[in-house]
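A.B. asks: Sharing a model that was predicted from the sequence below.
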2 protein chains.
Amino acid sequence: MKINNLGTPSALVDLDRLERNATRMADHTRQLGVRLRPHVKTHKCVEAARIQTRGHFGGITVSTLAEAKGFAEAGFRDIIYAVPIAPQKLTGALEIGLRIDRLAVLVDHMETITAIEGIAGAHATIFPVWLKIDCGLHRAGVDPETERAVALAKRLQNSIHIDFRGVLTHAGQSYDAVNRAEALAVAQEEVTVTLGFVDRLAKEEIGVPEVSIGSTPTISSAESLEGIDEVRPGNYAFFDVFQSAIGSCSLDDVAFSVLATVVSVHPEENRAVIDAGALALSKDPGPTHVDPGCGFGRIVAVEDQHPLPGLRLSSVSQEHGEISGPGTAALRPGTLLRILPNHSCLAAACFDSYKIVRDTEIIDQWRPFRGW
Amino acid sequence: MKINNLGTPSALVDLDRLERNATRMADHTRQLGVRLRPHVKTHKCVEAARIQTRGHFGGITVSTLAEAKGFAEAGFRDIIYAVPIAPQKLTGALEIGLRIDRLAVLVDHMETITAIEGIAGAHATIFPVWLKIDCGLHRAGVDPETERAVALAKRLQNSIHIDFRGVLTHAGQSYDAVNRAEALAVAQEEVTVTLGFVDRLAKEEIGVPEVSIGSTPTISSAESLEGIDEVRPGNYAFFDVFQSAIGSCSLDDVAFSVLATVVSVHPEENRAVIDAGALALSKDPGPTHVDPGCGFGRIVAVEDQHPLPGLRLSSVSQEHGEISGPGTAALRPGTLLRILPNHSCLAAACFDSYKIVRDTEIIDQWRPFRGW
């Protein structure tokens, strides 16, 4: 079946682009001498994760226990759940982990460690745990400059119920970069802060087994990762308008798009509407710090994803996407358009399934692990 | 089961508040002398739609054909699909409509009318169609001041394949109001523009069978709707932080919330993280025109939804909600919080099911019609 026979909105994954993105990152990380543990939250699909882990050790990173469970059942045996774990979720995580080699969790608070010890002790097992540090994003993670950070590492090292895996961080502030050079500076900061903390722990006689870092902007731009064991970029599988704007990729690398149909056209008022709104694209505002006029996604041609000038996706409401610009004169009710999303992780999560395409031919369908 | 035994994030619907909101709107529209045809896109649930249509004629409004199909199968027999229809969706709409009294569609372009006539003719049937006009939102809808608007109405009236239902509009610009008085002014504009167009058509000897208008802000504030036949508010079933900020309701009326767990706390840095991010709350920026510091939802107490001071949901990423403020000192890993969303329609659409609660007791579970 061809793309233009699909109902809309539909989620499209361009398999050639996905494979190219995956190969490039696999080669790049191999050259950097680090293990690649892709974050699969972008697509939540077994098929995509298998492509990303080709030629690497097979470890993955997930953002929910629903993903952990789904990927574990599909045969992935080394998983990190990369959101600090709620104490209430420990039993569920333990049950998943016991069925594979390892489901590691991350912590940044002493009370969570106490809860982990309680659960692991009650089940007479040992829980694999990473210490999450904050290297500048100021979201989750303990400040590595504090005494608390050292105390957490010491407790993890000494606990009989915990397999201390190492120190982990995520430089999400790389999304504030305006180009590849700025992303590279953040990448260096990510490495420096983390290795500085490892040195500090060494002076306290706390050994750090491994160091895990990474985001798509920092790993895409990184030129050297000495001292780092593994990296966890994720978005690079699909990329998106945001990553293209800050230099992680070109717009032509974007492997995820949303097919939409024009349903209303008033070219004399420079306006049109498509049937893909906030529930198909998310309301992510995009790279406004680089391109204030970016709108809610980039409108491209259905056949080959070439950008269509004169069309701006200026607004999204629940099921309406509003298009403005002189290009509306070329639209008709029923015209198909393809939208490259601002943020592919959030747009992909709007769909229960993705249509897998090569050029304009649909060759498969993949189902993500939804929910929590 | 009690709320605090749920996994997180979970979607909660407070049944008492939903029933109160539904009763108030049902009474209000009855006093105004108009039919209530609630827009069910906010919840997409049969159970909620049945509560909203109690004591009214039973008609509803939907935003997708998946909703139309689901509600038709559940016994709803008079439905308007309130997004201009793509020509490619006409056959699907026709099939649904033939199984109930009426699935009406709306149009704002001559080519769509031609496509409808083609499909209706081929099936030897008559398609119920509304003319969508733009009363100031400038999204979909034909400008009622134009000759095109009159030409569309004339064609709808004269077509042997079309049952011309009337003129329909939606004053979504009411969301730009900063208070109830401004929303009332938009409500008056919505009525005036629409009835002005009906008068203009009358002079051209085009009879308009019915007039349908409405949004939650305009209908909540409306004091008179003379000349209007039916109204289509939807969000009022749940309300949200946005509607409360512009005066459609009080914060205590909000019937939809997301239960979340604190997973990271660093009170000395005024930061904490919950496990509800953009995939549980959407990235809707909220009523920033009224309250620039609104954040991504309002944090309230789990037990009774009273607002918790000193806690601001300052940012959301995929699975992280970042909290700032002095109230973080009272949080621990594992603390449960309830979040009233900025936009309940978008937050509800993040979930495959809702937990129905009275006070803190879970009494039921509802499933929305997802997708398209």
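C.D. replies: Sure thing, it's come through.
A.B. asks: For burial, what's the neighbour tally of A:G371?
C.D. replies: Per other Cβ atoms under 10 Å in any protein chain shown, the neighbour tally for A:G371 reads 18. Backbone N, C-alpha and C define where each C-beta goes, glycine included.
A.B. asks: Would you check that it makes contact with A:T64?
C.D. replies: Yes - A:G371 lies in contact with A:T64 (Cβ atoms under 8 Å); the separation is 7.4 Å.
A.B. asks: any idea of the mean pLDDT for the lengthiest strand in chain A?
C.D. replies: Criterion DSSP state E: the longest strand present in chain A is strand A:256-266. The pLDDT scores in strand A:256-266 average 97.
A.B. asks: Repeat that for stretch A:343-351.
C.D. replies: On average, stretch A:343-351 scores 98.
A.B. asks: Compute the first-to-last residue distance for that stretch.
C.D. replies: Stretch A:343-351 has an end-to-end distance of 14 Å (criterion: Cα to Cα, to the nearest Å).
A.B. asks: what do you get for stretch A:5-23?
C.D. replies: 30 Å.
A.B. asks: Could you give me the buried positions within that stretch?
C.D. replies: By 16 or more other Cβ atoms under 10 Å in any protein chain shown, the buried positions in stretch A:5-23 come out as A:6-15, A:17-19, A:21-22.
A.B. asks: Any part of the next helix or strand after the longest strand of chain A near chain B?
C.D. replies: On the C-terminal side of strand A:256-266, the closest following helix or strand by DSSP states H and E is strand A:271-274. Yes - using Cβ under 8 Å from any Cβ of the partner chain, strand A:271-274 reaches chain B at A:R271, A:V273.
A.B. asks: which among the buried residues of stretch A:5-23 are in contact with chain B?
C.D. replies: Among the buried residues of stretch A:5-23, the ones lying near chain B by Cβ under 8 Å from any Cβ are A:G7, A:T8, A:P9.
A.B. asks: so where do the strands sit in the stretch 151-300 of chain A?
C.D. replies: Under the criterion DSSP state E, counting those that start in this stretch, strands of the stretch 151-300 of chain A are mapped to A:162-168, A:210-213, A:230-231, A:256-266, A:271-274, A:297-300.
A.B. asks: Can you say which of the ones you listed is nearest to B:D359?
C.D. replies: B:D359 sits nearest to strand A:162-168 of all these, at 39.2 Å, using Cβ to Cβ.
A.B. asks: Buried ones in that closest one, by neighbour count?
C.D. replies: By neighbour count on 16+ other Cβ under 10 Å, the buried set for strand A:162-168 is A:I162, A:F164, A:R165, A:G166, A:V167, A:L168.
A.B. asks: just stretch A:93-112 next, same as before
C.D. replies: Within stretch A:93-112, the residues scored as buried using 16+ other Cβ under 10 Å are A:93-94, A:96-97, A:100, A:103-109, A:112.
A.B. asks: Quick one: residues contacting the closest residue in space to A:H343 that isn't next to it in sequence.
C.D. replies: Of all residues not flanking A:H343 in the chain, A:D284 sits nearest, at 3.9 Å (Cβ to Cβ, 6 or more residues apart in numbering or on different chains). Contacts were defined as Cβ atoms under 8 Å, 6 or more residues apart in numbering or on different chains; by that measure A:D284 touches A:F242, A:F296, A:P341, A:N342, A:H343, A:L346, A:A347, B:A278, B:K283.
A.B. asks: Report pLDDT for A:D284.
C.D. replies: With respect to pLDDT, A:D284 scores 98.
A.B. asks: same thing with A:Q365?
C.D. replies: pLDDT recorded at A:Q365 is 98.
A.B. asks: In space, what's closest to it - neighbours in sequence excluded?
C.D. replies: Of all residues not flanking A:Q365 in the chain, A:S353 sits nearest, at 5.3 Å (Cβ to Cβ, 6+ apart).
A.B. asks: what about that neighbour, neighbour count?
C.D. replies: Applying other Cβ under 10 Å, we find 13 residues neighbouring A:S353.
A.B. asks: Does it touch A:I362 like I think?
C.D. replies: No - using Cβ under 8 Å, A:S353 is not in contact with A:I362; the gap is 11.4 Å.
A.B. asks: any idea how far A:L152 is from A:K203?
C.D. replies: Note on A:L152: its distance to A:K203, by Cβ to Cβ, to the nearest Å, is 16 Å.
A.B. asks: Neighbour count for the two, which is higher?
C.D. replies: A side-by-side neighbour count of A:L152 and A:K203, using other Cβ under 10 Å, places A:L152 first with 22 against 8.
A.B. asks: Quick check, pLDDT for the more buried one.
C.D. replies: Per-residue confidence (pLDDT) for A:L152: 98.
A.B. asks: Likewise for the one 3 residues further on?
C.D. replies: The predicted local distance difference test score for A:R155 is 98.
A.B. asks: biggest helix in chain A by residues?
C.D. replies: Longest helix of chain A, by residue count under DSSP state H: helix A:180-203.
A.B. asks: Any idea how many residues pack against A:I274?
C.D. replies: The local packing of A:I274 (other Cβ under 10 Å) involves 31 other residues.
A.B. asks: May I see the contacts of A:D284 organised as a markdown table, with neighbour count and distance to A:S224 added?
C.D. replies: A markdown table is the format used below for the contacts of A:D284 (neighbours: other Cβ atoms under 10 Å in any protein chain shown; distance: Cβ to Cβ, whole Å):
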| residue | neighbour count | distance to A:S224 |
| --- | --- | --- |
| A:F242 | 27 | 25 |
| A:F296 | 26 | 37 |
| A:P341 | 29 | 32 |
| A:N342 | 28 | 31 |
| A:H343 | 29 | 29 |
| A:L346 | 23 | 32 |
| A:A347 | 27 | 33 |
| B:A278 | 24 | 33 |
| B:K283 | 23 | 35 |
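A.B. asks: For the closest residue to A:H56 other than its chain neighbours, list the residues it contacts.
C.D. replies: Among residues not flanking A:H56 along the chain, A:L36 sits closest, at 4.5 Å (Cβ to Cβ, 6+ apart). Listed by Cβ under 8 Å, 6+ apart, the contact partners of A:L36 are A:M25, A:A26, A:T29, A:R30, A:Q52, A:T53, A:H56, A:F57, A:E230, A:V231, A:P233.
A.B. asks: buried subset of these?
C.D. replies: Using 16+ other Cβ under 10 Å as the burial test, the contacts of A:L36 include A:M25, A:A26, A:T29, A:Q52, A:T53, A:H56, A:E230, A:V231, A:P233 as buried.
A.B. asks: Spell out the secondary structure type for the fourth one.
C.D. replies: Here A:Q52 is helix, with the state taken from DSSP: H, G, I helix; E, B strand; the rest coil.
A.B. asks: Would you mind measuring from it to chain B?
C.D. replies: Look at A:Q52 and chain B: by Cβ to the nearest Cβ, to the nearest Å, they are 17 Å apart.
A.B. asks: Please apply the same query to the last one.
C.D. replies: In this structure, A:P233 and chain B are separated by 14 Å, where distance is defined by Cβ to the nearest Cβ.
A.B. asks: before we move on, back to that, let me know the angle separating the longest helix of chain A from strand A:162-168.
C.D. replies: Following axes from the mean of the first three to the mean of the last three Cα atoms, to 10 degrees, one obtains 140 degrees for the angle between helix A:180-203 and strand A:162-168.
A.B. asks: tell me the helices in the stretch 251-372 of chain A, going along the chain?
C.D. replies: For the stretch 251-372 of chain A, helices defined by DSSP state H, counting those that start in this stretch occupy the ranges A:278-281, A:344-348.
A.B. asks: other SSEs contacting the longest one?
C.D. replies: To tie it back to what came earlier, the one meant is helix A:344-348. strand A:256-266 (3 or more Cβ pairs under 8 Å, 6 or more residues apart in numbering or on different chains; DSSP states H and E).
A.B. asks: and A:H138, that one's in a strand?
C.D. replies: No - counting by three-state DSSP, A:H138 falls outside a strand, being coil.
A.B. asks: Contact partners for the closest residue to it other than its chain neighbours?
C.D. replies: Nearest non-adjacent residue to A:H138, counting by Cβ to Cβ, 6+ apart: B:R271, 6.3 Å away. For B:R271, the contact set (Cβ under 8 Å, 6+ apart) comprises A:H138, A:R139, B:S264, B:V265, B:E322, B:I323, B:S324, B:T328.
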